[in-house]
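Engineer: take this sequence and fold it.
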Amino acid sequence: MRRAAAVCVECGGDKGGRHHMTQRCTPCREAFYTALNSANKEVHRAIRRGLLPKAKTLGCADCPKPASDWDHRDYRRPLEVTAVCRVCNFKRGPALWRPEPAKA
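Structural biologist: Predicted structure coming up:
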């Protein structure tokens, strides 16, 4: 039987006995979902304001299927999105989300 890693994929710290499918420790998970939810809210606001069309009205950028999602490559840039189908969105994986490092 395969054992899941006991370390966070973001910071390398201990996941603290979290479920084997959990990839992040609690602080990293909370920060990740905060960034993800904030970016998704910005997209929904832009759609309501007419700045972005609904993704379902477009075609997928990666394959010939119709789009169903707006994909972020960087949650720090919430309106830089690409229309993709659900399968291609999962293939692309999660977006960047960590705060940019402070400049010295």
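Engineer: CA only for contacts and neighbour counts going forward, please
Structural biologist: Fine.
Engineer: helices of the protein, start to end?
Structural biologist: For the chain, helices defined by DSSP state H occupy the ranges 26-48, 86-92.
Engineer: ok, which of those helices comes nearest residue 6?
Structural biologist: Set against residue 6 and scored by C-alpha to C-alpha, these come closest in helix 26-48, at 12.7 Å.
Engineer: what residues are up against residue 67?
Structural biologist: Counting by C-alpha atoms under 8 Å, 6 or more residues apart in numbering, residue 67 makes contact with 55-61, 83-86.
Engineer: show me which of those residues are buried.
Structural biologist: By neighbour count, with 16 or more other C-alpha atoms under 10 Å, the contacts of residue 67 hold 55, 58-60, 83-86 as buried.
Engineer: so can I have a markdown table of those showing distance to residue 71 and pLDDT?
Structural biologist: Below are the buried ones among the contacts of residue 67 laid out as a markdown table (distance: C-alpha to C-alpha, whole Å; pLDDT from 0 to 100):
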| residue | distance to residue 71 | pLDDT |
| --- | --- | --- |
| 55 | 10 | 95 |
| 58 | 13 | 96 |
| 59 | 13 | 97 |
| 60 | 10 | 97 |
| 83 | 6 | 97 |
| 84 | 7 | 97 |
| 85 | 9 | 96 |
| 86 | 9 | 95 |
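Engineer: which two in the residues you listed are spaced the farthest apart?
Structural biologist: 58 and 86 (12.9 Å).
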